[in-house]
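Q: quick one, what's the 3D model for this:
(one chain, ligands or ions: 1)
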Amino acid sequence: MTTRTQILGTGFVTGEKLVKNADLAKLMDTSDEWIRERSGIEQRYYVKAGTGTTDLALQAAEKAIADAKIDKHEIDYIVFATMTPDHYFPGCGGILQSRLGLGNVPALDIRQQCTGFIYGLQVSDALLRSGGAKTILLIGAEVHTGFMPWTQWDHLFGEGGEAPSDAERAWNSKFRDRTVLFGDAAGAAILRAHDGERGLLGFELHSDGSTFKDLYVPAVGFAQRPYVTPKDYAEGRHIPEMNGRSVFKQAVTRMPEVVKSLTARLGHKIEDLDLLIAHQANLRINEAVQKHLGLPDTKVFNNIQRYGNTTAATIPIALDECRKSGRVKEGDLVCFVGLGAGFHWGAALLRA
Ligand code: ACO
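A: Numbers count the residues shown, from 1 in each chain. Predicted structure coming up:
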């Protein structure tokens, strides 16, 4: 008898504030045209001040629990993927456990950035199939707005407030290659093992730390003393640094490579795939991956246009939209693939 992990329910939420590309041009030298052309992004959602990653995760978890039609007390393990936790420590997993009222169930925090949800699926699958847990709540959630360099939030949201001065606009523009890409959101899934052929079929995961400086936060870390300084803040070293071209190149080579390798290892051809759900970092990356794999538009799902890059949340959000719109049907062969800071990348195959 085969034991496989099934996805019983999914749910997601975004930040409360819709921000269109043209809104960002109020703060920095950018344009709707540039952002759309280079990334495919049209809009994203930001949280209002005071909303953290665990707040979004809680709402997404409640939706996934309702969708799975389980009692929340059936959850006996939480796996939480984020690169933007509420606090430096502890991670969000335990805070979410307490806010959900789940007693003392274990809560594991993982930090594989954009590949966090796929790593989380593998860890959850291993726990479920080895008897370490019966029902897992897996979360991918991010509030990226804490990284943003500007202070003119009211002006951005059209709620009054001063426009940036020329100096502030120049400062905001310094980070424009990164800031325009990200949005705030959370996605959740409820996972459980069963005896049968449907469910997660396998994984292939990789890491390469040698290029970590192509996307990282230079300050706010214990390689320096103290771990954050006023100078770091003044210089913007608490904001991610990114070599966009290098990230792009890694993504368009490693994502198709790992999809090909995993499907072949599990005895499938690329043509057997019914749907590819890739991490949503840039629509141009996903178009290149699709072309490389030779998949038609009907077999690839993208929603970055509406949400931007929500890091660990992109895959569960896309999965939820596909499940609820009928884009994923029972028996479909679905491949998840992602690459992100670290660098970490990988794929998972699901018989839905
Ligand atoms: N608006 C207007 N102009 C801009 C902006 C902006 N937001 N950002 C950069 N530019 C300008 C640059 O200053 C540059 O101007 P110049 O030619 O006068 O010097 C020009 O546009 C081209 O800049 P490039 O950085 O060369 O643009 P590129 O075509 O490489 O696109 C981008 C940049 C969109 C960031 C792309 O490289 C990319 O998407 N890379 C992948 C990034 C990514 O996926 N990151 C997330 C990874 S996931 C994770 O783990 C969090």
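Q: distance of the residue nearest to the spatial centre of the chain from residue 280?
A: In the chain, the residue lying closest to the centroid (Cα atoms, centre = their mean) is residue 312, at 2.1 Å. Look at residue 312 and residue 280: by Cβ to Cβ, to the nearest Å, they are 11 Å apart. (Each C-beta comes from the backbone N, C-alpha and C, glycine too.)
Q: do residue 34 as well
A: Distance from residue 34 to residue 280, by Cβ to Cβ: 19 Å.
Q: quick one, which of those two is more surrounded?
A: Legend: neighbour count by other Cβ atoms under 10 Å for residue 34 and residue 280, higher for residue 280 (31 against 14).
Q: give me the number of residues near the residue lying closest to residue 105 once chain neighbours are set aside?
A: Setting aside the residues directly before and after it, residue 105 is nearest to residue 76 in space (Cβ to Cβ, 6 or more residues apart in numbering), at 5.2 Å. Residue 76 has 16 neighbours, counted by other Cβ under 10 Å.
Q: mind listing what residue 76 touches?
A: 105, 106, 133, 134, 135, 136 (Cβ atoms under 8 Å, 6 or more residues apart in numbering).
Q: quick one: the fifth one and residue 75 touch, right?
A: So the one you mean is residue 135. Yes - counting by Cβ atoms under 8 Å, residue 75 is a contact partner of residue 135 at 5.2 Å.
Q: gap between residue 65 and residue 52?
A: Counting by Cβ to Cβ, the gap from residue 65 to residue 52 is 20 Å.
Q: who has more neighbours out of these two?
A: residue 65 (22 against 19).
Q: OK, contacts around the residue nearest to the more buried one when sequence neighbours are not counted?
A: Take residue 65 and drop its neighbours on the chain: the residue closest to it by Cβ to Cβ, 6+ apart is residue 72, 5.1 Å away. Contacts for residue 72 (Cβ under 8 Å, 6+ apart) come out as 65, 100, 101, 102.
Q: at 7 Å instead, please
A: By Cβ atoms under 7 Å, 6 or more residues apart in numbering, the residues touching residue 72 are 65, 100, 102.
Q: could I get these as JSON lines with secondary structure and pLDDT?
A: Below are those laid out as JSON lines (DSSP: H, G, I helix; E, B strand; the rest coil; pLDDT from 0 to 100):
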{"residue": "65", "secondary structure": "helix", "pLDDT": "98"}
{"residue": "100", "secondary structure": "helix", "pLDDT": "98"}
{"residue": "102", "secondary structure": "coil", "pLDDT": "98"}
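Q: closest one of the residues you listed to residue 258?
A: Nearest to residue 258 out of the contacts of residue 72 is residue 65 (Cβ to Cβ; 31.2 Å).
Q: pull out the buried residues from the host helix or strand of residue 188.
A: Using DSSP states H and E, residue 188 falls within strand 185-195. Residues of strand 185-195 classed as buried by neighbour count (16 or more other Cβ atoms under 10 Å): 185, 186, 187, 188, 189, 190, 191, 192, 193.
Q: hmm, the last one is touching residue 129, no?
A: The one in question is residue 193. Yes - counting by Cβ atoms under 7 Å, residue 193 does reach residue 129; the two are 5.5 Å apart.
Q: so the residue nearest to residue 65 versus residue 262, what's the distance?
A: In terms of Cβ to Cβ, residue 72 sits 33 Å off from residue 262.
Q: distance of the closest residue to the ligand within the stretch 151-300 of the chain from residue 214?
A: Nearest residue of the stretch 151-300 of the chain to the ligand, counting by Cβ to the nearest ligand atom: residue 244, 2.7 Å away. Applying Cβ to Cβ, the value for residue 244 to residue 214 is 9 Å.
Q: find the nearest non-adjacent residue to residue 163, please.
A: Distances taken as Cβ to Cβ, 6+ apart place residue 155 nearest to residue 163, at 5.6 Å, with adjacent residues excluded.
Q: is it true that that neighbour touches residue 24?
A: No - Residue 155 is beyond contact range of residue 24, at 11.3 Å (criterion: Cβ under 7 Å).
Q: which one's more surrounded, the two?
A: Shown here are residue 155 and residue 24; by other Cβ under 10 Å, residue 24 has more neighbours (22 against 17).
Q: wait, what's in contact with residue 110?
A: 79, 81, 116, 119, 120, 123.
Q: name the nearest of the residues you listed relative to residue 170.
A: Checking the contacts of residue 110 against residue 170 by Cβ to Cβ gives residue 116 as the nearest, at 33.6 Å.
Q: what about that closest one, which helix or strand?
A: Per DSSP H and E: helix 116-129 holds residue 116.
Q: tell me what the next helix or strand after that helix is packed against?
A: Downstream of helix 116-129, the first helix or strand assigned by DSSP H and E is strand 135-142. The contact analysis (3 or more Cβ pairs under 7 Å, 6 or more residues apart in numbering; DSSP states H and E) places strand 135-142 against helix 53-68, strand 77-81, helix 116-129, strand 185-195.
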